[in-house]
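Peer 1: just to be clear, the model below is a prediction. Sequence and coordinates:
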Amino acid sequence: MRTIASYAADPARSRGRHHAEPGGETRGPRDAFQRDRDRIVHSIAFRRLRHKTQVFLAPDGDHFRVRLTHSLEVAQIGRTMARALGLNEDLTEALCLAHDIGHPPFGHAGEDALKAATMPAGGFDHNAHTIRILTKLESPYPRWPGLNLSWDMLEGLAKHNGPVRHPTWALAEADAEFPLELGEWASLEAQVAAIADDIAYDNHDIDDGLRSGILDLDALCGVPLVARCWEAVCARHPDLPRARLRKELVRDQIGVMVNDVIEESRRRIAEAGVQSVEEVRAAGRALVGFSPEMAVEERTLKRFMYATLYHSPSQLEMADAARGLLSRLLAAYAADPALLPEEWREALPEGEPERTRHIADFIAGMTDRYAIARHRELVGPVDLPDRF
């Protein structure tokens, strides 16, 4: 049986759920964090991620990543690190799987459109919207709203990127109902989920960028970390063509980053002397992370990716088109809420800012393809770049 560290999250010591659930209704021999994970996997919001943008908006190619495949890859990386650090793998996996549930269609371009359109109503933030979905909007149970996840799960999702000093309205609302101690650090499991997300998109976006032809391998090797890994890969396989080695490059980089995080996190945990999850939350700093040297290299890689992939002319063109599409769709529903589906129309609040937030909730839940279809139906033809 695997040994769990004293500073790991313990389902037997969970702070519970907002709504009490009679023990006799537990379905199967699962602990609290296993149930959290399973509720995420069975949720509609999780299923919708299969048609939501990761890097390429509404991609035609079947081999490009979407939010769902990205979340699965984050979970695999997260579990690997959690196991090495003696943490709770189930909570780590649940956090990784759920971390992007609040993303609207068209990724960050869609979020920009929602944020601008809802600014008078408090704006939009995908991380806070994740909490909103899981505590209010998706309600498969008859006696309470949301999925009724554990406090430990909601805390990890709210604070996986660190303490939240100035929560947006959605997160503040959730915190008022079920206080999440937003000013403290989250569990080590949540910190692992956050850095697993960085490692996954740093490297898998390289894979997709090379596949798309937007990234050039020679230019990519101008990044020191990539250059070292590519040299090692080529040395191991000198007789194979470059195209065969691209995925090996990605695998090597993930391994290098994961090993660095494990070693550095062990050092920080030992230095901090934490013995419980409560001491982790009170540590005053992140205990999971890259070494200072790797942190510099990872930031260098990110700058390259922003300059050459995320902000490439074709990607910027797509992002502009997506923002325009969602802005027009928001305006159409705001001008005539009767266009909303019956279930959403019947629940429409009368006053502001709740009315605008309700419409934004509906649009944020759309997949890329559903948003495109509704625009064609309600607004008019969709003029999107050829890559769509």
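Peer 2: Great, that's in hand.

Peer 1: wait, doesn't residue 210 sit right on residue 246?
Peer 2: Yes. With contact defined as Cβ atoms under 8 Å, residue 210 reaches residue 246; the gap is 5.6 Å. Quick note: C-beta positions are derived from backbone N, CA and C, even for glycine.

Peer 1: so who does the residue most central in space within the chain touch?
Peer 2: The centre of the chain sits closest to residue 100, judged by Cα atoms, centre = their mean, with a distance of 2.8 Å. Contact analysis of residue 100 by Cβ atoms under 8 Å, 6 or more residues apart in numbering lists 49, 52, 67, 70-71, 126, 130.

Peer 1: same thing with residue 219?
Peer 2: Residues counted as contacts of residue 219 (Cβ under 8 Å, 6+ apart) are residue 308.

Peer 1: figure out the helix or strand that it lives in.
Peer 2: Assessed by DSSP states H and E, residue 219 sits inside helix 217-220.

Peer 1: pull the most distant pair out of the contacts of residue 100.
Peer 2: Comparing all pairs in these by Cβ to Cβ, the longest separation belongs to 70 and 130, at 14.3 Å.

Peer 1: and the next helix or strand past the one helix or strand residue 111 maps to?
Peer 2: Element membership for residue 111, per DSSP H and E: helix 107-117. Moving toward the C-terminus from helix 107-117, the next helix or strand (DSSP H and E) is helix 126-132.

Peer 1: how far off centre is that next one?
Peer 2: Distance of helix 126-132 from the chain centroid (Cα atoms, centre = their mean, to the nearest Å) equals 10 Å.

Peer 1: okay, buried residues for it please.
Peer 2: 126-132 (16 or more other Cβ atoms under 10 Å).

Peer 1: do stretch 296-310 as well
Peer 2: Neighbour-count burial for stretch 296-310 [16+ other Cβ under 10 Å]: 297-298, 301-302, 304-305, 308-310.

Peer 1: redo these as a markdown table? Include pLDDT and secondary structure.
Peer 2: Output for the buried residues of stretch 296-310, formatted as a markdown table (pLDDT from 0 to 100; DSSP: H, G, I helix; E, B strand; the rest coil):
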| residue | pLDDT | secondary structure |
| --- | --- | --- |
| 297 | 97 | helix |
| 298 | 97 | helix |
| 301 | 96 | helix |
| 302 | 96 | helix |
| 304 | 95 | helix |
| 305 | 92 | helix |
| 308 | 93 | helix |
| 309 | 89 | helix |
| 310 | 86 | helix |
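
Peer 1: rewinding a little: distance between the very next helix or strand once past the helix holding residue 219 and the chain's centre?
Peer 2: Remark: after helix 217-220, the chain's next helix or strand is helix 224-236, criterion DSSP H and E. Distance of helix 224-236 from its chain centroid, counting by Cα atoms, centre = their mean, is 29 Å.

Peer 1: who's in contact with helix 224-236?
Peer 2: 206, 217, 220-221, 245, 248-249, 252-253, 256, 297-298, 300-301.

Peer 1: any stretches of the stretch 1-150 of the chain with poor pLDDT?
Peer 2: Counting by pLDDT under 70, the ranges of the stretch 1-150 of the chain that qualify are 1-2, 23-26, 56-63.

Peer 1: show me the helices in it, by range?
Peer 2: Assigned by DSSP state H, counting those that start in this stretch, the stretch 1-150 of the chain shows helices spanning 32-41, 44-48, 67-84, 89-98, 107-117, 126-132.

Peer 1: what of the stretch 201-350 of the chain?
Peer 2: 217-220, 224-236, 242-272, 277-281, 292-305, 313-335, 342-346.

Peer 1: for residue 52, see how far away the nearest residue in space to residue 103 that is not next to it in sequence is.
Peer 2: Spatial nearest neighbour of residue 103, excluding adjacent residues (Cβ to Cβ, 6 or more residues apart in numbering): residue 126 at 4.9 Å. Noted for residue 126: a distance of 11 Å to residue 52, by Cβ to Cβ, to the nearest Å.
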